[in-house]
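In: sharing a model prediction with you, sequence too.
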Amino acid sequence: MDNRAIARLLYETADLMEVAGEDSFRIRSYRNAAGVIESHPEQISAILRDPARKVTDIPGIGKGIALVLAEIEERGSFERRDEMLEKYPAGALELLKIQGLGPKSIRLLFETYRCATIDDLERLCREQKLRELPRMGAKLEEKVLRSIAHYRQRAGRFLLSFAQEAAAEVTGYLTAPGIERITPAGSLRRGRETVGDLDLLVTGPAAPEALEKFVAHPKCQEVLGRGANKASIRYGHESLQVDLRALPAESYGAALQYFTGSKDHNVALRQRALKMGLTLSEYALAKIENNQRVAGAAEEEIYAALGLAWIPPELRENCGEIEAAAEGRLPALIELGHIRGDLHMHTTETDGRATLEEMAEACRQRGYEYLAITDHSKALAMANGLDEKRAIEFAHRVREMDSAGIRIFSGIECDIRRDGAMDLDHDALAELDFVIGSVHSHMNLEAAEMTDRLMRALECPYIRVLGHPTGRVLLHREPFPFDCDLIFAEAARRNVYLEINASPERLDLGAAMVRAAKAKGCKFVISTDAHHPRHLLHMSYGVLVARRGWLAPSDVLNTLPLAEFEKSIRKK
DNA sequence: GCCGTTTTCGGCCCGACTGTTTTCAGTCG
């Protein structure tokens, strides 16, 4: 079993233990162990099989978890987990995802009404049964119903990061002699922040064998269909639908274009083709009169034959990209290689998992010229946020650090309080190089109040970046509402950069808002919000969002060389 | 359940809000 699968067993068991009302510190140990295992560079099962080594050498894993791991290695589960699953249904894990219900309520609902599924819960709310229980009332029933609707609406979609990893797994698995190309298309290729299913295209003489191999993938849960040219499966525990299409090389470009979409982009493109006496399909671009092929092997040929510059997949949403391509004014989009520094990350000083030194070293290894350390401020008590005194002391430590080869700026991610005041006083903020202001609480304010709050935060002379501006968590929490036009215009006026938070769970701002903000004159930073060195890799997701938002390198602060970057943050 | 020790037991994260109470439990971040 791989590390991620082991971690999942531990996480799930911890959730069930919480429902069972077990000791919270023990539960935390399980979760902590799961997190450690998930990010461990080496396979745990390899360590378990090596008699010369001990898993207890890994911090966070003691005797108890070591026994659990041995049992998992042996039989794929462990006693406490089996016990929990006997007592509480697996559906309880799903119920925990409904906002407004926690472990205590789920236990009570199960013990009173045998409520074990989302459907049960919905029925109980409609029958007004929740209000018969202590400390539950009509408002909770309403909230739960709303939450169920939201949960169902997002069900079946997956984070871009998850889909990318699955695509990499499957393409790696299918790569073989006789396979010429194997490429993801669809919304994954367009870089959408969530993905419904995965479309993979394969060409080469061994393509039929690839289809064969595909349906035999060890993680294939179900074969949904299997023909001569296409197969479709449910993949992995999460049941992501993956389609694989085998194509002749001469149709590769047409198919890639067709399956990349979006639908609206393709409709507009086909209309353009018709006006030119051409017809575009997934097989080729051809003349209507005699069906003679004009293009098909490469996307570039197709766009060129339609009188268009090749359009990057991220722009293919029929939002002006075809007109821009026709007029030769597509933007020169930002690329990952343009990024010269990461400006939002955490360390063990607050809730990060790696030290200041480790984070800096990881940035240096990525070839960055600079970075900003931006731990939390005191309002985030659960993250051990910094108060004024600690923030200043920590800034001194950051500056005194040996930083050969990379420039380290001392910053903070300062909470924006409910009334829009910054969580730290201005004297403290003035001591820091780089202040991000972020909302972490009271996200359910009315739009007008939230707008006032953000306007006031922008007044602070020290704020340089508005962090994850809408607070959304993909598939989980909607963006909080505020008057974007007003806030974006004010941010532009005050020279406050908007963050594109590259964490795959956030991707906040999203692409549409990035484009709207750019139109208001805003500039941006793309930052990972890393809590661990491996999160620095998420920069690529942030760049995708920026590309979908039509940004060029000149729109993004952290593409600047060090000297210019420093000048920019000083002059505010 | 892990960790660290002034080692075999005590500490581990806590404040704010909400909706339900009649003094606070549960949820969230």
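Out: Ah, there it is. Numbering: from 1, shown residues only, chains lettered A, B, ... in the order given.

In: just checking, A:Ile406 touches A:Glu369?
Out: Yes. The criterion here is C-beta atoms under 8 Å, and A:Ile406 meets it with A:Glu369 at 6.7 Å. Placement of C-beta: from N, CA and C, glycine included.

In: what is the burial count for the residue in the stretch 251-400 of chain A positioned nearest to DNA strand B?
Out: Closest contact between the stretch 251-400 of chain A and DNA strand B, by C-beta to the nearest atom of the strand, is at A:Met382 (4.0 Å). Residues lying near A:Met382 (other C-beta atoms under 10 Å) number 10.

In: spatially nearest residue to it (excluding sequence neighbours)?
Out: A:Asp351 (7.8 Å; C-beta to C-beta, 6 or more residues apart in numbering).

In: so what's that neighbour up against?
Out: A:376, A:380, A:382-384, A:531 (C-beta atoms under 8 Å, 6 or more residues apart in numbering).

In: min pLDDT across those residues, which one?
Out: Confidence by pLDDT is poorest for A:Met382 among the contacts of A:Asp351, given 77.

In: quick one: secondary structure of that residue?
Out: Under the three-state scheme (DSSP: H, G, I helix; E, B strand; the rest coil), A:Met382 adopts helix.

In: hang on, the earlier thing: among the contacts of A:Asp351, name the buried ones.
Out: For these, a burial check counting by 16 or more other C-beta atoms under 10 Å picks out A:376, A:380, A:383, A:531.

In: which residues in the stretch 1-150 of chain A form helices?
Out: Secondary structure of the stretch 1-150 of chain A (DSSP state H, counting those that start in this stretch): helices located at A:3-19, A:24-38, A:44-49, A:63-75, A:79-87, A:91-95, A:103-113, A:118-126, A:138-154.

In: quick check on the residue nearest to A:Met382: phi, psi?
Out: As for A:Asp351, its main-chain torsions (degrees, to the nearest 10) stand at phi -110, psi 20.

In: nearest residue to the middle of chain A?
Out: A:Pro504 (1.3 Å; C-alpha atoms, centre = their mean).

In: so that one makes contact with A:Gly542?
Out: No. A:Pro504 is beyond contact range of A:Gly542, at 9.3 Å (criterion: C-beta under 8 Å).

In: centre of the chain to stretch A:467-480, how far?
Out: Relative to its chain's centre, stretch A:467-480 lies at 11 Å (C-alpha atoms, centre = their mean, to the nearest Å).

In: my bad, stretch A:96-107
Out: Here the centre of stretch A:96-107 is set off from its chain's centre by 24 Å, with C-alpha atoms, centre = their mean.

In: could you tell me the end-to-end distance of that stretch?
Out: 10 Å (C-alpha to C-alpha, to the nearest Å).

In: list the buried ones in it?
Out: A:96-98, A:100-101, A:103, A:105-107.

In: same deal with stretch A:161-180?
Out: Buried, per 16+ other C-beta under 10 Å, within stretch A:161-180: A:161-164, A:166-167, A:170-171, A:173-174, A:179.

In: again, but for stretch A:288-307
Out: Neighbour-count burial for stretch A:288-307 [16+ other C-beta under 10 Å]: A:294-299, A:301-303, A:305-306.

In: tell me which of those residues is nearest to A:His538?
Out: Ranked by distance to A:His538 (C-beta to C-beta), the buried residues of stretch A:288-307 are led by A:Glu299 at 27.6 Å.

In: helices of the stretch 201-350 of chain A, start to end?
Out: Under DSSP H, counting those that start in this stretch, the stretch 201-350 of chain A gives helices at A:207-215, A:252-260, A:263-275, A:299-305, A:321-326.
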